[in-house]
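S.K.: predicted model, plus sequence, below.
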Amino acid sequence: MNMIKKMYKNLLKNGWTLNQIDEMDIHFYFSLEGADQEETFIDEIKLF
């Protein structure tokens, strides 16, 4: 969850709006964190 918060804060500081962030393609969203991480699929993410 901290990764997502940091990413949102950085994007907002760079002029993105919440609407623009929410419209991002999920694969692009996770690729922002870096290419050195394992590939993540949406069905592998556990939110609760």
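M.R.: That came in fine, so what should we check first?

S.K.: okay, and the helix or strand of the chain with the least pLDDT?
M.R.: Every helix and strand of the chain was ranked by mean pLDDT, DSSP states H and E. The lowest is helix 26-31, at a mean of 71.

S.K.: that one - contacts with which helices or strands?
M.R.: Taking 3 or more CB pairs under 8 Å, 6 or more residues apart in numbering; DSSP states H and E as the contact definition, helix 26-31 has no neighbouring helices or strands. From N, CA and C alone the C-beta is placed, and that goes for glycine too.

S.K.: where is the longest helix in the chain?
M.R.: As far as residue count goes, and with DSSP state H defining each element, the longest helix of the chain is helix 2-13.

S.K.: give me the buried positions along it.
M.R.: Judged by neighbour count (16 or more other CB atoms under 10 Å), helix 2-13 contains these buried residues: L11.

S.K.: for this structure, which spans come out with low pLDDT?
M.R.: Applying pLDDT under 70 to the chain flags residues 1, 29, 32-38, 47-48.

S.K.: related to what we said a few turns ago, list of residues touching the least confident helix or strand of the chain?
M.R.: The contact list for helix 26-31, computed with CB atoms under 8 Å, 6 or more residues apart in numbering, reads M7, T40, I42.

S.K.: tell me the spacing between the second one and H27.
M.R.: Meaning T40. Plainly put, T40 is 9 Å away from H27 if you go by CB to CB, to the nearest Å.

S.K.: if we can go back for a sec, tell me what the longest helix of the chain is packed against?
M.R.: Contacts of helix 2-13 with other secondary structure elements, assessed using 3+ CB pairs under 8 Å, 6+ apart, are made with helix 18-22.

S.K.: for the helix it packs on, packing partners?
M.R.: Applying 3+ CB pairs under 8 Å, 6+ apart, one finds that helix 18-22 makes contact with helix 2-13.
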